[in-house]
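In: starting from these lines, generate the structure:
(6 chains, ligands or ions: 3)
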Amino acid sequence: MQLITAIIKPFKIDDVRDALSGIGIQGMTVTEVKGFGRQKGHTELYRGAEYNVDFLPKIKIEVAVTNDLLDQTIEAIAQSANSGKVGDGKIFVVELSQVIRIRTGETGEDAI
Amino acid sequence: MQLITAIIKPFKIDDVRDALSGIGIQGMTVTEVKGFGRQKGHTELYRGAEYNVDFLPKIKIEVAVTNDLLDQTIEAIAQSANSGKVGDGKIFVVELSQVIRIRTGETGEDAI
Amino acid sequence: MQLITAIIKPFKIDDVRDALSGIGIQGMTVTEVKGFGRQKGHTELYRGAEYNVDFLPKIKIEVAVTNDLLDQTIEAIAQSANSGKVGDGKIFVVELSQVIRIRTGETGEDAI
Amino acid sequence: MENSIFELQYALDTFYFLVCGALVMWMAAGFSMLEAGLVRSKNTTEILTKNVALYSVACTMYMVCGYSIMYGGGDFTAFLGGITADGVAGADEPATYAPSADFFFQVVFVATAMSIVSGAVAERMKLWAFLAFAVVMTAFIYPMEGAWTWGGQPVFGMYTLGDLGFSDFAGSGIVHMAGAAAALAGVILLGARAGKYTADGKPKAIPGANLPLATLGTFILWLGWFGFNGGSVLATASVESANSVAVVFMNTNAAAAGGLIGALILAHFLFGKADLTMALNGALAGLVAITAEPSTPTPLLATLFGAAGGVLVVLSIVTLDKLKIDDPVGAISVHGVVGFLGLMLVPVTNPLTADGGASFSGQLIGALTIFVWVFAASFVVWFALKAIFGIRVSAEDEYEGVDMSECGLEAYPEFTNA
Amino acid sequence: MENSIFELQYALDTFYFLVCGALVMWMAAGFSMLEAGLVRSKNTTEILTKNVALYSVACTMYMVCGYSIMYGGGDFTAFLGGITADGVAGADEPATYAPSADFFFQVVFVATAMSIVSGAVAERMKLWAFLAFAVVMTAFIYPMEGAWTWGGQPVFGMYTLGDLGFSDFAGSGIVHMAGAAAALAGVILLGARAGKYTADGKPKAIPGANLPLATLGTFILWLGWFGFNGGSVLATASVESANSVAVVFMNTNAAAAGGLIGALILAHFLFGKADLTMALNGALAGLVAITAEPSTPTPLLATLFGAAGGVLVVLSIVTLDKLKIDDPVGAISVHGVVGFLGLMLVPVTNPLTADGGASFSGQLIGALTIFVWVFAASFVVWFALKAIFGIRVSAEDEYEGVDMSECGLEAYPEFTNA
Amino acid sequence: MENSIFELQYALDTFYFLVCGALVMWMAAGFSMLEAGLVRSKNTTEILTKNVALYSVACTMYMVCGYSIMYGGGDFTAFLGGITADGVAGADEPATYAPSADFFFQVVFVATAMSIVSGAVAERMKLWAFLAFAVVMTAFIYPMEGAWTWGGQPVFGMYTLGDLGFSDFAGSGIVHMAGAAAALAGVILLGARAGKYTADGKPKAIPGANLPLATLGTFILWLGWFGFNGGSVLATASVESANSVAVVFMNTNAAAAGGLIGALILAHFLFGKADLTMALNGALAGLVAITAEPSTPTPLLATLFGAAGGVLVVLSIVTLDKLKIDDPVGAISVHGVVGFLGLMLVPVTNPLTADGGASFSGQLIGALTIFVWVFAASFVVWFALKAIFGIRVSAEDEYEGVDMSECGLEAYPEFTNA
Ligand SMILES: Nc1ncnc2c1ncn2[C@@H]1O[C@H](COP(=O)(O)OP(=O)(O)O)[C@@H](O)[C@H]1O
Ligand SMILES: Nc1ncnc2c1ncn2[C@@H]1O[C@H](COP(=O)(O)OP(=O)(O)O)[C@@H](O)[C@H]1O
Ligand SMILES: Nc1ncnc2c1ncn2[C@@H]1O[C@H](COP(=O)(O)OP(=O)(O)O)[C@@H](O)[C@H]1O
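Out: Ligands and ions are numbered 1, 2, ... in the order given. Here you go, the predicted structure:
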């Protein structure tokens, strides 16, 4: 089982959710984050003084998947989140040693 | 060392914290997240038009634990966060390769 | 490739970002979180009744790095985030099995 | 010529009533903002809805029957047509100002009394149960005691408060304590908010979500109170009445300032911090304290009376909290406890003489009459509503916030995450 | 002596105008808060900027030429100097109140008409295009129809509305429907907000970010409306006019209450919840409905007229939504549709007689005249602006919010994450 | 009969004072909201607390001694009793309006002057140090210069400003510049906020947390200013004074509109965006600019004077920022720099003649007198407070926000995460 973490542009969230639903993914967890990367922030003027918006709003999506769905899921996210412009984000994958569904106590792949 | 990530219902946060304190866990990190899963969102009417609340508020708890405390911690979270209703959430476990306490520079199990 | 997750005090965020830029790190993702640990919260009075501020505001920084930069990055965070006072936070490291850059489809170290 | 002068007096007094009435109407906004600021964000839409709706209900019910119960001896039909004409139909004397201006000024008072209730029962009461109560309160409960006091009618034909040395200039008792009595009955039947008390019964703080709103609400009330007290002189078109109105404005302001300072200082000594919400309650307490008699004290005395109100309100809030009377905005303390103080302060500067004034015994009897009637009648109504429909939302709805369950809409959908 | 009485009448009428004018000015704050509460947080700074700027533009343009087009026959220079003196230069009769008070009262009406537009085109129109429109609207479009109605001039020299039995006491049509007509033209040329409709054309809800602000805005408008309608009696210094002003205050309040209750109940039946934003629109609809004739109904009738407005506004909002006329704050329904209702209700209580009043046909002709003129003229101006500069922000700016693109500043920089 | 007319004049003038005074009191809410909107959320509770407390302190101290220093020659005891009676005790002439109305109108001016200070020292000053300063400012510093100007007393027995051709109708200098001078002294001793300047001394922006509040505050001030300037005519019950009051209302409005437009356009050229906060400061600058003489300009001139204020305030804010005078809300620029401009504009429309008016030299001397006195006296008081108790919170408290350290309470506990 793998945990996929994707950092995407906020306005792509609906597309990504639809793409994931499309391949049968039933659950995900979403967090509002701020990103720093090649996509540079911008400088604004407020009352004549400058301020830098370094950290840009991003959305983090976490999806736990079974190994067999891994590639397909990555593919789905990568495609649906792509706008072709700098700042589209990253996908990170880590190995999950355990998954538990709190309600039923199921573990492993059943719990995803 | 393991990093336990639990997605729970917001109103269970106090119970979970107490359960973790009860077994001697001294630290945790909490994030407000939105969840998408079998627990379906709902449709609301605003000025006669519909809007969907797809993403439901959830709390993410991250706890780093030593291997020997792992099962006990999972158990404590699973029990205290259980309301028996759909949407209770998931627990994910990943292996931590390193832990460092910033203040003292301690590493490994001492740092947890 | 490794994913470094650091929980730090909010007012250290600029120092940490500068330290990371200093060693050539080009990307990071930041989340506002609440921490529970040895640094105890405090009790406030509101209209004569008590309330506990148990969870203290913290910042979570996630940085994906290549293996060769790992130690240097940890070092940079640990130093720049250190205020010497309880509550300075932790650094957690997990192994990344994959990284993908959404925009280009690059994978692995190229994607970081 | 004489007629021209009468016309001008009539016009000035009418305009003065309308301006004062508009200021009192503005207090409805004040209560809304104060209460919206002191509840949690998840209960904000609902408290706003309650406030706009109760104001509308009050205006409508008082027109339909409240005003005629209070002042017209209950003759509805004659009345409803009459207030648009030159005088109230069947009135003995010709009016010295427009009858509809009088109605307008009176109607906003009812809304004030009802606004007091909404804050105390916030965050857990069903919206429609509340509005049902509002109908009865503004159509009947308030007008009844209004008839016994400002209306001059004997209490159930038994005794006449005016004859006993009761005086309540602008309504510390008639409006404020009455609202608080209705609120108290509701709160007792409703119980405390979930999470307000620890397992061992200690009160826990539930901070309000938006203190700028609460502060704005207090300022609005402060401004509106000039109309509330100033308009209660009931005339301004002579040197004597103009002086009286001016003194009332000055003292109303002084008492609010005194109340704020009193509460701020006491809270500082008790809690070690400058507690803004207590200071705001203190200002309101100062206003309530002076409302029963703002025209006779010197400004220094008014400041001190206000300060007494400010001190009392802090102590009262802490005490009610301990007694498990859970009042999220402090309405029972501000309007009830300090309303009573206001009544008892009247004889200090306006003792009973042949020309009027008040005696301590008269004030006590009046206060008891108002309190017992409003509390008992309200208790019966709340009780009936509880028995028939239930007055409290489900525990789950309370946890999720009544905004979603009652109004289907969050007040700040973009700002809060949990 | 007689002169002293005249002086007092003059002074009282002037003061009354100024107080009413200040209340109407306050409505600008009401529109700002209402609109700022009903848009998303990312478009809040911009709507605030539009509101403060449009008010300033309206005051300036109406002074420069609007007022003289409307009342002065277009003689600018004489006029600009004249309003500081005792009377408007060239006026036939001596004024019975200060000419500058009249100007002050009139100028805030223009701003009201223009405020209606800003809400309807919110969240997607370019700031400077909007302000350019504001210049033309307040300098020319509104003053023209104002000249035909309150100014008594024939419509393009063809027919005189007053002679046809048209009457609009305080401007349900002249101010409110006119503003809505300008807004409608803009909305049609502008199109709906991105995301307002699903692929298959179903309207989607876009909740406003801050309901306490929207509620505050409504209360401010409610208060300001006492000046709007009350001041439109145009005199108060006699028994007759004072009675009229008082009735207007009473009925204005009653209609708002009726409108709120009507909308709240209908929304409850249609949507199953107590919809706060509909209730607020209902109160405003009640106010618009009574504005064309607040002085002749009984308070009970005023409440019912208001309730009719409240019911109509809910139906209208839902219908316009279906027709893809995307109006984030409901301005076209509140001010346009209900403004028309208000005009048509006038003959019910104030039928045409030798002494004035209104006929249904006169009202219809008047309504059509105002609507056609303002809609057509506005359409031309919006169209020209669209052709030359464009009136809509880029899709990306709309997504990110116009606060950053137009104003460089978020309204709540610390509170929202995404 | 004559007496009846006198009574009516007395009543109307008194009522006019009270209405204007209530409007000025409302400005306290305006300052609170403006400042609460322009600070960061972590310092919001504290700025609100300062604002409600300073208003209360001002009202109390001015009653205790300030008013008698300013107008009563310092005879406290006789005075305190006297203002509730028909005339101020010992006054030579019978009053033509209620003395307590005069007190009420005057007392809210003091609070205005003090409100100016709180914004400039926001986000870093200790609450109790600020309130201690407020006591001295409102009891002594302001009343002293008030005595030399509106009170007609010679400056330390040396020269009399009125004789030198100094005129300040409603207080551009006496109230606004005085407040700014006290603020400037405080800011200099206090230093800039942490993080306001980069290591190499460049100013950094620190955006305010809640722009709807700041906008609301500006609208409140705009409304209140009608009372501030309009009431300063000091009478309305004759054709002449009524005309004057009406002109003042019209011009006050025009100047604010001009100021807003001036600032909006200049900011657009300088910064490329429609800067809302600059526009708001521009409106206030327009108001301050016209305050020294709102009764003599034509409305066109008033608009232009306002626009000059709006332009100047933008330049001043940018300049002070560069000079490391850190004023989070722009109070020193709006009230101080533009207050001075307002004084210097008086002779343009109201030159010195036998009947009064102002000369440039008189204005300059008056401005210097006010500024030097208030700045020097304030500097001494701030300095003493700094030496004895310290006036600045600790760096850690400043970082965490003064809400927690001074008030123990966040303003928006649910909305901000960090
Ligand atoms: N090394 C990294 N570790 C963690 N997050 C990263 C890293 N690099 C980029 N990100 C996240 O991905 C987002 C997009 O990255 P960026 O470099 O701006 O553009 P791109 O993804 O197109 O290369 C960043 O805003 C940040 O949130
Ligand atoms: N595959 C998944 N990956 C990440 N988070 C998930 C996944 N499935 C569920 N979740 C999280 O767990 C929450 C609860 O899941 P849900 O399917 O609604 O109910 P239950 O846990 O009772 O099966 C979701 O709201 C989401 O935050
Ligand atoms: N076991 C843990 N798992 C996850 N997060 C932790 C853990 N222990 C501490 N933290 C995080 O680190 C922060 C600082 O820890 P704390 O114990 O207060 O001080 P210190 O880091 O100085 O030992 C906490 O607020 C929490 O966010």
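In: OK, contacts around A:T31?
Out: Counting by Cβ atoms under 8 Å, 6 or more residues apart in numbering or on different chains, A:T31 touches A:59-60, A:62, B:31-34, B:60, C:31. Heads up, the C-betas are built off the backbone N, CA and C, glycines and all.
In: repeat the analysis, applying 7 Å as the threshold.
Out: By Cβ atoms under 7 Å, 6 or more residues apart in numbering or on different chains, the contact list for A:T31 reads A:60, B:31, B:33, C:31.
In: wait, the third one touches B:L56, no?
Out: No: under the contact definition of Cβ atoms under 7 Å, B:V33 does not touch B:L56, with a separation of 9.8 Å.
In: between the two, which one's more packed in?
Out: Taking neighbours as other Cβ atoms under 10 Å in any protein chain shown, B:V33 and B:L56 compare with B:V33 leading, 23 against 17.
In: please identify which helix or strand holds the more buried one.
Out: Assigned by DSSP states H and E, B:V33 falls within strand B:28-36.
In: can you list the strands that that strand pairs with?
Out: Applying DSSP bridges, strand B:28-36 is found paired with strand A:28-36 (antiparallel), strand B:56-65 (antiparallel), strand C:28-36 (antiparallel).
In: and these: which comes nearest ligand 1?
Out: strand A:28-36 (2.1 Å; Cβ to the nearest ligand atom).
In: export that closest one as PDB, just CAs?
Out: Output of strand A:28-36 as PDB, limited to C-alpha atoms (Å, rounded to 0.1, in the frame of the first residue of the first chain):
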ATOM      1  CA  MET A  28      -8.800  11.300  -0.200                       C
ATOM      2  CA  THR A  29      -7.800  13.900   2.300                       C
ATOM      3  CA  VAL A  30      -7.200  17.500   1.300                       C
ATOM      4  CA  THR A  31      -5.200  20.200   3.100                       C
ATOM      5  CA  GLU A  32      -4.600  23.900   2.300                       C
ATOM      6  CA  VAL A  33      -0.900  24.600   2.100                       C
ATOM      7  CA  LYS A  34       1.400  27.200   0.900                       C
ATOM      8  CA  GLY A  35       4.100  26.400  -1.600                       C
ATOM      9  CA  PHE A  36       7.500  27.800  -2.400                       C
END
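In: following that strand, which helix or strand comes up?
Out: Next in sequence after strand A:28-36, counting helices and strands by DSSP H and E, comes strand A:42-46.
In: that next one close to ligand 1?
Out: No: using Cβ under 6 Å from any ligand atom, strand A:42-46 never reaches ligand 1; the gap is at least 12.9 Å.
In: what packs against that strand?
Out: In terms of contacts (3 or more Cβ pairs under 7 Å, 6 or more residues apart in numbering or on different chains; DSSP states H and E), strand A:42-46 is packed against strand A:49-53.
In: pLDDT below threshold where in the chain?
Out: Just going to use chain A. For chain A, no stretch has pLDDT under 70.
In: my question was about chain D
Out: For chain D, residues meeting the criterion pLDDT under 70 lie at D:1, D:73-94, D:416-418.
In: and the strands paired with strand B:28-36 as a markdown table, adding distance to F:F375?
Out: Below are those laid out as a markdown table (distance: least, Cβ to Cβ, whole Å):
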| stretch | distance to F:F375 |
| --- | --- |
| strand A:28-36 | 44 |
| strand B:56-65 | 53 |
| strand C:28-36 | 43 |
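In: F:G310 is nearest to which of the ones you listed?
Out: strand A:28-36 (36.0 Å; Cβ to Cβ).
In: the residue in chain A that ligand 2 sits nearest to: neighbour count?
Out: Nearest residue of chain A to ligand 2: A:G27, at 2.0 Å (Cβ to the nearest ligand atom). Neighbours of A:G27 under the rule other Cβ under 10 Å: 19.
In: how about the contacts made by it?
Out: B:36-37.
In: so the longest helix that chain D contains versus helix E:2-38, what angle?
Out: The longest helix of chain D (DSSP state H) is helix D:2-38. Here the directions of helix D:2-38 and helix E:2-38 differ by 20 degrees (axes from the mean of the first three to the mean of the last three Cα atoms, to 10 degrees).
In: and the strand holding B:V33, what's buried?
Out: Buried residues in strand B:28-36, counted by 16 or more other Cβ atoms under 10 Å in any protein chain shown: B:28-36.
In: and these, which is closest to chain E?
Out: Using Cβ to the nearest Cβ, B:E32 comes nearest to chain E of the buried residues of strand B:28-36, at 9.5 Å.
In: how near is the closest one to D:R40?
Out: Distance, B:E32 to D:R40, using Cβ to Cβ, to the nearest Å: 15 Å.
In: what's the closest of the strands paired with strand B:28-36 to D:D397?
Out: Of the strands paired with strand B:28-36, nearest to D:D397 by Cβ to Cβ is strand B:56-65, at 15.4 Å.
In: quick check: closest non-adjacent residue to the residue in the stretch 151-300 of chain D that chain E sits nearest to.
Out: With Cβ to the nearest Cβ, the shortest gap between the stretch 151-300 of chain D and chain E falls at D:L213, namely 5.6 Å. Spatial nearest neighbour of D:L213, chain neighbours left out: D:G37 (3.3 Å); criterion: Cβ to Cβ, 6 or more residues apart in numbering or on different chains.
In: wait, that neighbour sits on D:F219?
Out: No: contact criterion Cβ under 7 Å: D:G37 and D:F219 do not qualify, at 11.6 Å.
In: so what's A:F92 up against?
Out: A:5, C:3, C:64, C:96, C:99.
In: neighbours around the residue of the stretch 151-300 of chain D closest to chain E, how many?
Out: So D:L213, with other Cβ under 10 Å, has 27 neighbours.
In: that one and E:P212 touch, don't they?
Out: Yes: checked against Cβ under 7 Å, the pair D:L213 and E:P212 is within contact range at 5.6 Å.
In: overlap in contacts of the two?
Out: Residues touching both D:L213 and E:P212 (Cβ under 7 Å, 6+ apart) are D:33, D:36.
In: give the residue farthest from the middle of chain A.
Out: A:G48 (36.6 Å; Cα atoms, centre = their mean).
In: could you list which residues are in contact with that one?
Out: Counting by Cβ under 7 Å, 6+ apart, A:G48 makes contact with F:270-271, F:317-318, F:321.
In: show me which of those neighbour ligand 2.
Out: For ligand 2, no contacts are drawn from the contacts of A:G48 by Cβ under 6 Å from any ligand atom.
In: filter the residues you listed to the buried ones?
Out: Applying 16+ other Cβ under 10 Å to those flags F:271, F:317-318, F:321 as buried.
In: and chain B, which of those residues reach it?
Out: Among those, none lies close to chain B by the criterion of Cβ under 7 Å from any Cβ of the partner chain.
In: alongside ligand 2, which residues does chain A contribute?
Out: Neighbours of ligand 2 within chain A, by Cβ under 6 Å from any ligand atom: A:27-29, A:62-64, A:101, A:103, A:112.
In: just the closest of those residues to D:E7, please.
Out: Of the residues of chain A next to ligand 2, the one sitting nearest to D:E7 (Cβ to Cβ) turns out to be A:T29, at 74.4 Å.
In: A:V94 versus the nearest residue to that closest one once chain neighbours are set aside, what's the distance?
Out: Distances taken as Cβ to Cβ, 6+ apart put A:E62 closest to A:T29, at 4.6 Å, once the chain neighbours are dropped. Going from A:E62 to A:V94 by Cβ to Cβ gives 10 Å.
In: over to D:Y55?
Out: Taking Cβ to Cβ, one finds D:Y55 at 57 Å from A:V94.
In: of these two, who's got more company?
Out: Higher neighbour count among D:Y55 and A:V94: D:Y55, with 33 against 20, using other Cβ under 10 Å.
In: looking at it, the more buried one is touching D:V110, isn't it?
Out: No: with contacts counted by Cβ under 7 Å, D:Y55 stays clear of D:V110, the gap being 9.5 Å.
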